[in-house]
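> Sequence and predicted structure, then a few things I'm wondering about:
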Amino acid sequence: MIADDHPLFREGLRYLLETEKCMHVAAMAQCGAQCLELLEKEKPDLLLLDIDMPDKNGIETLSEIKNGKYRKIKVLMLTAHREAEYVRRAVCAGADGYISKTADLKELLRAIHIVSEGKFYIQPDLEKNTDFNLTDEEEKILSLSGREREVLAKVADGMSNKEISTVLHISEKTVKNHLSCIFKKMEVSDRTQAAIMALRHTSIFCD
């Protein structure tokens, strides 16, 4: 399955992949929300996931996949972003592999086969430029679910529980429940401490 917001890229990639034996593109999504919907219907073995997509970016979508019932689906990030910070975010969120759109078809096919076999793959020139060592605070933030990170980001923006409930379309009670889980996982006692920690590590939250 392919999730990318550029129609020409999706169609071109689908054509190239389906010229290979034993490879079939079950579905294509143009945004994170549609990707999650199609996972329920198609249940693919592997997902090629872009980062820059509308409504839910690739990192948020990846986090929901790996923290939900689709965690067993292999996810290979296929993106224009070559920056170490994006590679690090994706890997920390549970990606099974990461490859740049600048890679040739041969390298992409190699990555797909490696990830499909349950092994981890990062494009070699990207791996050598990425530091995967996490601080204790980063590990705590990355232990949060995708929704919990959304709530934390809003807290860091200074929003009240009522404002968060409106923006995320959830009840204030649900917001409070999320905050309780967030405080416990981050080992803080209140929203101020949580916000301060989040603001020290804004790079974890993908734009």
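Received the coordinates, thanks.
> Please name every helix or strand in contact with the top helix by length along the chain.
For the chain, the helix with the greatest residue count under DSSP state H is helix 172-186. Judged by 3 or more CB pairs under 8 Å, 6 or more residues apart in numbering; DSSP states H and E, the packing partners of helix 172-186 are helix 136-142, helix 146-156, helix 161-168, helix 191-200. All C-beta atoms are positioned from the backbone trio N, CA, C, and that covers glycine.
> mind giving me JSON lines with these and columns for mean pLDDT?
Output for the helices and strands packed on helix 172-186, formatted as JSON lines (pLDDT from 0 to 100):
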{"stretch": "helix 136-142", "mean pLDDT": "81"}
{"stretch": "helix 146-156", "mean pLDDT": "87"}
{"stretch": "helix 161-168", "mean pLDDT": "93"}
{"stretch": "helix 191-200", "mean pLDDT": "91"}
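> Out of these, flag the one nearest Lys21.
helix 146-156 (35.7 Å; CB to CB).
> In that closest one, which residues are buried?
The neighbour-count check on helix 146-156 (16 or more other CB atoms under 10 Å) flags 146-156 as buried.
> Show me what it packs onto, helices and strands only.
Using 3+ CB pairs under 8 Å, 6+ apart, helix 146-156 is in contact with helix 58-66, helix 161-168, helix 172-186, helix 191-200.
> between the ones you listed, which one is nearest to Ala27?
helix 58-66 (14.2 Å).
> I'd like the next helix or strand past the closest one.
strand 74-79 (DSSP states H and E).
> In the sheet, which strands lie alongside that next one, parallel or antiparallel?
Strand 74-79 sits in its sheet next to strand 46-49 (parallel), strand 97-100 (parallel), going by DSSP bridges.
> Reformat those as CSV; add mean pLDDT and mean neighbour count.
Rendered in CSV, the data for these read as follows (pLDDT from 0 to 100; neighbours: other CB atoms under 10 Å):
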stretch, mean pLDDT, mean neighbour count
strand 46-49, 97, 25
strand 97-100, 94, 23
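> With distance to Thr192 as new columns, can these be given to me in JSON lines?
Listed next are the strands paired with strand 74-79 as JSON lines, based on distance: least, CB to CB, whole Å:
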{"stretch": "strand 46-49", "distance to Thr192": "35"}
{"stretch": "strand 97-100", "distance to Thr192": "35"}
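> any idea how far Leu179 is from Leu13?
As judged by CB to CB, to the nearest Å, Leu13 and Leu179 stand 41 Å apart.
> just Tyr70 next, same as before
Here the criterion is CB to CB. By it, Tyr70 lies 26 Å from Leu179.
> and those two? which has more neighbours close in?
Set side by side, Tyr70 and Leu179 show more neighbours around Leu179, with 19 against 16, by other CB atoms under 10 Å.
> which residues touch the more buried one?
Applying CB atoms under 8 Å, 6 or more residues apart in numbering, we find Leu179 in contact with 151, 155, 161, 191, 194.
> try 7 Å
With contacts defined as CB atoms under 7 Å, 6 or more residues apart in numbering, Leu179 is in contact with 151, 191.
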